[in-house]
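**Q** Make a model of this:
(chains A and B)
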Amino acid sequence: MDDRTHAWLRPLVAVFVGAVFFLPLYLVLVNVFKPGSQIVPHPAGLPVPPTLDNVSAVLSRPDHLFTFGLINSIAVTALSITILTVLSAMLGHYLARSRHVLAKVVMVTLLCGLMIPVPVILEPITGVLKALGLMTSLQGLILVNVGYYVPFGVLLFMGFVRTVPLELEEAAELDGAGKLRVFWQVVFPLLRPASASVLIFLGVWIWNDFLTPLIILGPDSGTTVTVGVYRAIGQHQSDFGAVFAFMFLATLPILVFYLALQKNFVKGLTGGAVKG
Amino acid sequence: MTATQHGPRGEVVPAAPRPSHAPARRASRIGPRLGRFGLFALPGLLAYVVFVLIPIGMTGYYSFTNRNPFNPPTKWVGLRNYGELFGDQEFRQALLNTVIITVIVTLLANVGGLLIAMLLDRPTKLYVALRGIFFTPVVLSAVVISVIWQAVLTDDGLLNSLLRGLGVERPPGWLSDPDLALYSIAWILTWQMLGFCVVVYLAGLQGVPRELQEAAAIDGAGRLARFRSVTWPMLAPALTINTVMLLITGFKAYDQIQVITNGGPGTGTTSTMAFQIVQTAFTGNHIGYSSAMAAVMLALVATVSVIVLRLLQRREVTQ
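**A** Prediction:
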């Protein structure tokens, strides 16, 4: 098969495969803007004329499942990733610069944490949170996120710190800047690409987390939007319009966040994929 | 650093026969070092210890007890939980299901991802847009993806309506047939992870030097031979990343089962290790028993990770 003789084949196959792959997402998108009576008889048809009934029904739910969930998700995700970026940048910097044996031990211990599945530690975590009086609280969920995802942040930052010349820090210290000031004013700004990767990876993961908020926030208090999707399908399984609109609104914020930082995401993802 | 001391001309001298002013100097050096540790390392480390390391220790300890918060007192039962696990049909099924899902996802998403990456390895706008389409599910929550696919695969769902329209009289029960449901779950996971593999392989493909390809072509190598001897070896790091990521995803599969099948149809036909642990712990309240399952799962994850990483990295080094 030569490149030139079949030049027309590649775009054709690519578009076809892409269309088949995209079909499930297309079905959600068109049915969000369709009245319920149209969804079952014409699931794949375009929404003409489009309606915002499904969307406004989700926004004005009497139990506020979506609106409260959205506020909780934004609070938990924003606070978790901010704390995580700061703490793992400092810890990653410390570990990359320290030549003490203990730093090696700490590093290996953290790396082991990368592969621990949540269910393995979830029940004891609820025990720890109860002992701290933080069970079913957003603060508790944020702290658990910080502890669970800190190894990932450290891994990314440690690799990046090594690209920052040590002389820069030494020069700032000679000029009389304290350790903290050197870090904040000299090192941290240079780590911006790593910070962006950490923010976007962990932002997407934490926003999409299901099991952890499901158990930690519990059934009574407000939950996150992702858990809200699960609650919403339990209530009206057959009302596709309502469920799809809920999912659409629950996904929109993280999709916008992702698109805004997309370049860094793919860079972070593929950083290790190319040799050299 | 603490056991030895540098002498005036830079030579290393034992720490014990130290000049009289040394203790004060050492104290003044350890002070800031501790301060630096406390300031930079401790906060992140503390969260990790409290919410990961201590819980792991507790899981390990509970696994040797009959702990059940609604049925005290908690007693030490030694290895009884582990003994019971061996004869537990449901756990064996969950273990097998987890392995099946993991193998399918790892193979299918790797192969599919590589093929699609090669298809899209062109710099024009069309292909860049298509990459975005394949990557979208990676950013979506597994809960959302599960609901979408449930709407597609359920008995009267969109796929079966389509099949009926095409004249299939009794289309399969993708999620209701006990023999099929597990494979449908594996497919949903694959569909979500495919875009991840595509992007990683594309980055790998773009790292293959054109001159190498051209040189091989001039030497008379066909397409297949060029792929095998030039492209494929250069993709080793991408293969490592994808395989590790897919193994982790398959091993901890939980959300799809909780949202779509709840372990069914029937008993445990789609139950995974993660699902079995959560059910036993939070629905059954058998914390002792669920902790033993968790310990087994952790041991398996650790073993597989180490073996796979070793194997794949050896390949990266030798080729």
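**Q** Got the domain ranges for chain B?
**A** B:17-62, B:87-318 (automatic domain parsing).
**Q** CSV please, covering those domains and showing mean pLDDT.
**A** Shown next, in CSV, are the domains of chain B (pLDDT from 0 to 100):
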stretch, mean pLDDT
domain B:17-62, 77
domain B:87-318, 90
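**Q** possible to save the ones you listed as a markdown table with distance to chain A and mean neighbour count?
**A** Just so you know, the C-beta spots here come from the backbone N, C-alpha and C atoms, and that holds for glycine as well. Formatted as a markdown table, those follow (distance: least, C-beta to the nearest C-beta, whole Å; neighbours: other C-beta atoms under 10 Å in any protein chain shown):
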| stretch | distance to chain A | mean neighbour count |
| --- | --- | --- |
| domain B:17-62 | 3 | 16 |
| domain B:87-318 | 3 | 19 |
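**Q** what would those domains look like in JSON lines with distance to A:Q38?
**A** Below are the domains of chain B laid out as JSON lines (distance: least, C-beta to C-beta, whole Å):
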{"stretch": "domain B:17-62", "distance to A:Q38": "48"}
{"stretch": "domain B:87-318", "distance to A:Q38": "14"}
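**Q** Among the ones you listed, which comes closest to A:P11?
**A** A:P11 sits nearest to domain B:87-318 of all these, at 6.0 Å, using C-beta to C-beta.
**Q** So which elements touch the host helix or strand of B:A292?
**A** Per DSSP states H and E: B:A292 is located in helix B:287-318. Counting contacts by 3 or more C-beta pairs under 8 Å, 6 or more residues apart in numbering or on different chains; DSSP states H and E, helix B:287-318 packs against helix A:118-132, helix B:54-62, helix B:80-87, helix B:236-251, helix B:273-278.
**Q** Can you give the contact residues for the fourth one?
**A** So the one you mean is helix B:236-251. Applying C-beta atoms under 8 Å, 6 or more residues apart in numbering or on different chains, the contact partners of helix B:236-251 are A:115, A:117, A:272-275, B:98, B:101-106, B:109-110, B:113, B:189, B:193, B:196-197, B:200-201, B:203-204, B:273-274, B:297, B:300-301, B:304-305, B:308-309, B:312-313, B:315-316, B:319.
**Q** ok, A:S60 - how many residues close by?
**A** Using other C-beta atoms under 10 Å in any protein chain shown, the number of residues around A:S60 comes to 10.
**Q** give me phi/psi at it?
**A** The phi/psi pair for A:S60 (degrees, to the nearest 10) reads phi -110, psi 30.
**Q** With the one 3 residues further on instead?
**A** A:D63 adopts backbone torsions of phi -90, psi 0, taken as degrees, to the nearest 10.
**Q** ok, how many other residues are close to it?
**A** Using other C-beta under 10 Å, A:D63 has 11 other residues around it.
**Q** From B:G173, how far out is it?
**A** 33 Å (C-beta to C-beta, to the nearest Å).
**Q** Show me how chain A divides into domains.
**A** Annotated domains of chain A cover A:9-51, A:63-269 [automatic domain parsing].
**Q** pLDDT of the shortest one, averaged?
**A** The one in question is domain A:9-51. Mean pLDDT, domain A:9-51: 86.
**Q** thinking again about what came up before, for A:K179, which of the domains of chain B is the nearest?
**A** Minimum separation from A:K179 across the domains of chain B (C-beta to C-beta) falls at domain B:17-62, 5.8 Å.
**Q** in the helix or strand bottoming out on mean pLDDT in chain A, what's buried?
**A** Least confident helix or strand, chain A: helix A:36-39 with a mean of 78, by mean pLDDT, DSSP states H and E. Under the neighbour-count criterion of 16 or more other C-beta atoms under 10 Å in any protein chain shown, helix A:36-39 has A:G36, A:Q38, A:I39 buried.
**Q** Kindly report the same for stretch A:164-172.
**A** A:V164, A:E169, A:A172.
**Q** which of these lies closest to chain B?
**A** Nearest to chain B among these is A:E169, at 12.2 Å by C-beta to the nearest C-beta.
**Q** Check which helix or strand the closest one maps to.
**A** helix A:166-174.
**Q** Please compute how far the helix or strand that that helix is followed by lies from its chain's middle.
**A** Once the chain leaves helix A:166-174, the next helix or strand it forms, by DSSP H and E, is helix A:179-181. Distance of helix A:179-181 from the chain centroid (C-alpha atoms, centre = their mean, to the nearest Å) equals 30 Å.
**Q** and helix A:179-181, what does it pack onto?
**A** Contact partners of helix A:179-181 among helices and strands, from 3+ C-beta pairs under 8 Å, 6+ apart: helix B:22-36.
**Q** 10 Å instead, please
**A** helix A:166-174, helix B:22-36 (3 or more C-beta pairs under 10 Å, 6 or more residues apart in numbering or on different chains; DSSP states H and E).
**Q** restrict the buried residues of helix A:36-39 to contacts with chain B.
**A** Intersecting the buried residues of helix A:36-39 with the surroundings of chain B, defined as C-beta under 10 Å from any C-beta of the partner chain, gives A:I39.
**Q** between the buried residues of helix A:36-39, which is closest to chain B?
**A** Each of those was checked against chain B using C-beta to the nearest C-beta; the closest is A:I39, at 9.7 Å.
**Q** Check the gap between the closest one and A:L59 for me.
**A** Applying C-beta to C-beta, the value for A:I39 to A:L59 is 19 Å.
**Q** now swap in A:L102 and tell me
**A** Separation of A:L102 from A:L59 (C-beta to C-beta) stands at 53 Å.
**Q** Likewise for A:Q262?
**A** Taking C-beta to C-beta, one finds A:Q262 at 27 Å from A:L59.
**Q** secondary structure element for the residue of the stretch 1-150 of chain A found nearest chain B?
**A** Distances between the stretch 1-150 of chain A and chain B by C-beta to the nearest C-beta are smallest at A:G147, namely 2.9 Å. Per DSSP H and E, A:G147 falls inside helix A:138-161.
**Q** Likewise for B:M193?
**A** helix B:181-206.
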